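*Asks:* Below: sequence and its predicted model.
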Number of protein chains: 2
Amino acid sequence: MSTPPLRRKRATVHDVAVEAGVSRGTVSRVVNGERYVSEEARVAIEAAIVKVGYVPNNAARNLVMQRTQAIGFIVHEPHSLFLEDPNIGEILLGANTALSDADYQMACLIVDSERDTDRVARYLSGGFVDGVIIVSARQNDPITKVVERLEIPAAFVGHPPDLARAPFVGIDNRGSARSITERLLGTGRRRVGMIAAALDRDSGADRLAGFTDALGARFDPALVERVPLYSYAAGRAGMHALLERAPDIDGIFAASDAVAAGVLDALREAGRSVPTDVGVVGFDDSAWAVRAQPALSTVHQPAEGLGRAVAESVLSQLRGEDQPAGGILLETPIVWRDSA
Amino acid sequence: MSTPPLRRKRATVHDVAVEAGVSRGTVSRVVNGERYVSEEARVAIEAAIVKVGYVPNNAARNLVMQRTQAIGFIVHEPHSLFLEDPNIGEILLGANTALSDADYQMACLIVDSERDTDRVARYLSGGFVDGVIIVSARQNDPITKVVERLEIPAAFVGHPPDLARAPFVGIDNRGSARSITERLLGTGRRRVGMIAAALDRDSGADRLAGFTDALGARFDPALVERVPLYSYAAGRAGMHALLERAPDIDGIFAASDAVAAGVLDALREAGRSVPTDVGVVGFDDSAWAVRAQPALSTVHQPAEGLGRAVAESVLSQLRGEDQPAGGILLETPIVWRDSA
């Protein structure tokens, strides 16, 4: 590939120096906040910076300051799920707000394939960011390994499987799942099942554990349908399979709201009425939940709060503050509507 | 703010030089792809790079090469709309795929407030990216002005209002709106209205123009309700207002699928049956459209294709190729389902 044409016309340190009538070294000292510059030179340089429209070259300054004022936000999700997950957008915006408050630029990097993993790892190694936020890390995640090796300040949304002591923010998936299942049982249902999803992740495994906790001695493994993803399609297919096996089912805990959307459509297709025949509860409290027919009873996931908190964790590390041991868990109120 | 602690332990050029038994200058020449290095030294250095796990510091290399291998992807949307717009995620993933194919890292930057605008402008000026993709530029957009001033390679999704000659990819909003309105009229509807949204953008204004084109002499301005955003809430409120004014309405073109979702709920609340009493069509063909009750007839927006095409435009500029005059418009087939 040929070298691209260079067409940037930004003002340089040289332009500032000429305008202010000082040396380039003096300009650099002012720009980098160093001492030993006369007040007269400083005033002249600051006026010249405004006049010529000079913006310091951050890439150059990084080499000196070892800082970029940028934080990477890594989303590791397959293509389809990135679009379907109601939380990622909210987490992203919450983090952007907190970083913006601290004058940091957030750069969101998407990992959708193996190839992306390698390139993002190279980008992190290349000194483009001062810290990193990671959403939905998996077991043996190569990005996690790179972050660990570089010892770059990092914080996770959700507990990273391989890094026992990494800072993270999350929710109590197990406790929340138990609470909403108990509430569903409290409506008098006798055959309560679950569409369990994403069991390769802590969140998915913990939600199933919470469901099992709530049922105790009444737990019947035949009423759990396991599906791979937190998705509408998986929920719909899973519900059809479960109805085939257990036609007398009268309650369902769907592992996410997207799964619940599929469950509602499958029940409609099978001629079951919600909540009369089957009570349905979800997990997330997405924007869709309130519009569902009937409106969905679900667990509120504080997605924007997770974004803010994970950003604060990285900022705190950058300030060199002591980090609390373990993660931070945010509250997850139950929102009871019409579907159960 | 104090300087953050430096804790990165990445391998340096020095480590490679020691391992290979050559000078640091020789290592740099190999890393930067320069000539005048013996084959023997090159082989030793490449082995040493693998052994010590050296990754070249891109920020440093940028200064020499004037390249970052990164492309900014700027989304300029208010908070709520970023989450509701079904296209942004698809455009993002399409662009990520095309950039990944060319070994470029995409860094998504969100502009949600005035403060974000200034910071993103500074980031672009700072040399962190080689080019930029901009989604949903507005009139007098400060980001657009910065891009213009820096003469950084850039391409837009949708026609940027202030830059007549900027490369862009988009769709024919006016022609598509006319086609789907004609199709709706073809079902025998006599009182067809529109919930027109986002008239401060080309897309919104063009969709209304296409609706007007289709109706010709039958156009009745009283049947157009103008709402500020492409959102569910705006669609629902707009439909209630229009029903109040024109209770005999029997067809609706909603300016987007999110608007159509609000329209369907408002019609349900008002006791109107779709499509029997009122035929409804949307615009986008979002993932939701197929699940709507009834499934929505709409215009298919090739969002992922737009993402790929806009990325290809920036890559082509980086290769120094001649650019086609004007923008590239992608096809938008009508998808006819059950709502009209």
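*Replies:* Good, I have the coordinates.

*Asks:* Just confirm A:A95 contacts A:I133, I think it does.
*Replies:* Yes: applying C-beta atoms under 8 Å, one finds A:A95 in contact with A:I133, separated by 5.8 Å. (Glycine included, C-beta is placed from N, CA and C.)

*Asks:* got the residues of the stretch 201-340 of chain A near chain B?
*Replies:* Taking C-beta under 8 Å from any C-beta of the partner chain as the measure of proximity, the stretch 201-340 of chain A contacts chain B at A:232, A:261, A:265, A:287, A:291, A:293, A:318-320.

*Asks:* Out of those, which end up buried?
*Replies:* Listed as buried from those are A:232, A:261, A:265, A:291, A:318; burial here means 16 or more other C-beta atoms under 10 Å in any protein chain shown.

*Asks:* can you list the residues you listed in JSON lines and add secondary structure and pLDDT?
*Replies:* Compiled in JSON lines, these are given as follows (DSSP: H, G, I helix; E, B strand; the rest coil; pLDDT from 0 to 100):
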{"residue": "A:Y232", "secondary structure": "helix", "pLDDT": "91"}
{"residue": "A:A261", "secondary structure": "helix", "pLDDT": "94"}
{"residue": "A:D265", "secondary structure": "helix", "pLDDT": "94"}
{"residue": "A:R291", "secondary structure": "coil", "pLDDT": "86"}
{"residue": "A:L318", "secondary structure": "helix", "pLDDT": "92"}
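
*Asks:* Widest-spaced pair of those residues?
*Replies:* With distances taken as C-beta to C-beta, the most widely separated pair in those is A:D265 and A:L318, at 46.0 Å.

*Asks:* tell me what the helix or strand where A:E225 lies is packed against?
*Replies:* Secondary structure assignment for A:E225, by DSSP states H and E: strand A:224-227. Identification of packing neighbours for strand A:224-227 by 3 or more C-beta pairs under 8 Å, 6 or more residues apart in numbering or on different chains; DSSP states H and E yields strand A:192-197, helix A:232-245.

*Asks:* What strands line up against that strand, and which way round?
*Replies:* Looking at strand A:224-227 with DSSP bridges, its partner strands are strand A:192-197 (parallel).

*Asks:* Give me the contacts around the partner strand.
*Replies:* Contact partners of strand A:192-197, identified using C-beta atoms under 8 Å, 6 or more residues apart in numbering or on different chains, comprise A:181, A:184-185, A:204, A:207-208, A:211, A:215, A:223-231, A:234-235, A:238-239, A:242, A:246, A:249-256, A:259, A:262-263.

*Asks:* ok, now with 7 Å
*Replies:* Around strand A:192-197, the neighbours that count as contacts under C-beta atoms under 7 Å, 6 or more residues apart in numbering or on different chains are A:184-185, A:204, A:207-208, A:211, A:215, A:223-227, A:229-230, A:234-235, A:238-239, A:242, A:246, A:249, A:251-256, A:259, A:263.

*Asks:* try stretch A:283-303
*Replies:* A:86-87, A:90-91, A:94, A:171, A:176, A:180, A:207, A:255-257, A:260-261, A:264, A:274-275, A:281-282, A:330-340, B:83, B:265, B:293.

*Asks:* Next: stretch A:44-51.
*Replies:* By C-beta under 7 Å, 6+ apart, the list of residues contacting stretch A:44-51 from outside reads A:16, A:19-22, A:26-27, A:30.

*Asks:* Quick check: mean pLDDT of it?
*Replies:* Rounded to a whole number, the mean pLDDT of stretch A:44-51 is 80.

*Asks:* Would you pull up how far it lies from the middle of the chain?
*Replies:* For stretch A:44-51, the distance from its own C-alpha centre to the chain's C-alpha centre is 41 Å (C-alpha atoms, centre = their mean, to the nearest Å).

*Asks:* try stretch A:90-110
*Replies:* The answer for stretch A:90-110 is 11 Å, by C-alpha atoms, centre = their mean.

*Asks:* on that earlier part again, find the residues that touch each one of A:A95 and A:I133.
*Replies:* By the contact definition C-beta under 7 Å, 6+ apart, A:A95 and A:I133 are jointly contacted by A:73, A:310-311.

*Asks:* Among those residues, which lie within helices?
*Replies:* A:310-311 (DSSP state H).

*Asks:* just the shared contacts of A:A95 and A:I133 now: which is nearest chain B?
*Replies:* A:F73 (8.2 Å; C-beta to the nearest C-beta).

*Asks:* The closest one contacts A:I110, correct?
*Replies:* No: in this structure, A:F73 sits apart from A:I110 without contact. The criterion is C-beta atoms under 7 Å, and the distance is 9.6 Å.

*Asks:* Kindly indicate which of the contacts of stretch A:44-51 lies nearest chain B.
*Replies:* Distance from chain B was checked for each of these by C-beta to the nearest C-beta. The minimum falls on A:V16, at 14.1 Å.

*Asks:* residues touching A:V335, list them.
*Replies:* With C-beta under 7 Å, 6+ apart as the criterion, the residues that contact A:V335 are A:285, A:297-298, A:300.

*Asks:* Narrow those residues to those in strands?
*Replies:* A:T298 (DSSP state E).

*Asks:* Quick check: pLDDT value at A:W288.
*Replies:* For A:W288, the model assigns a pLDDT of 84.

*Asks:* hmm, which two among the contacts of A:V335 are most spread apart?
*Replies:* A:S297 and A:H300 (10.8 Å).

*Asks:* What separation do you get for A:K51 and A:A41?
*Replies:* According to C-beta to C-beta, to the nearest Å, A:K51 stands 15 Å off from A:A41.

*Asks:* Those two: which is more packed in?
*Replies:* Using other C-beta atoms under 10 Å in any protein chain shown, the more surrounded residue of A:K51 and A:A41 is A:A41, with 17 against 13.

*Asks:* would you say that one is within a helix?
*Replies:* Yes: according to DSSP: H, G, I helix; E, B strand; the rest coil, A:A41 belongs to a helix.

*Asks:* Does it touch A:V27 like I think?
*Replies:* No: with the criterion set as C-beta under 7 Å, A:A41 and A:V27 do not qualify as a contacting pair; they are 9.0 Å apart.

*Asks:* Just name the most buried of the helices and strands packed on strand A:224-227.
*Replies:* Looking across those with neighbours counted as mean count of other C-beta atoms under 10 Å in any protein chain shown, the highest average goes to strand A:192-197: a mean of 26.

*Asks:* I'd like to know the average pLDDT value across that strand.
*Replies:* So the average pLDDT for strand A:192-197 ends up being 98.

*Asks:* Let me know the next secondary structure element after that strand.
*Replies:* Once strand A:192-197 ends, the next helix or strand along the chain (criterion: DSSP H and E) is helix A:202-215.

*Asks:* Only the buried residues of that next one, if you could.
*Replies:* Buried positions in helix A:202-215, judged by neighbour count with 16+ other C-beta under 10 Å: A:202-204, A:206-215.
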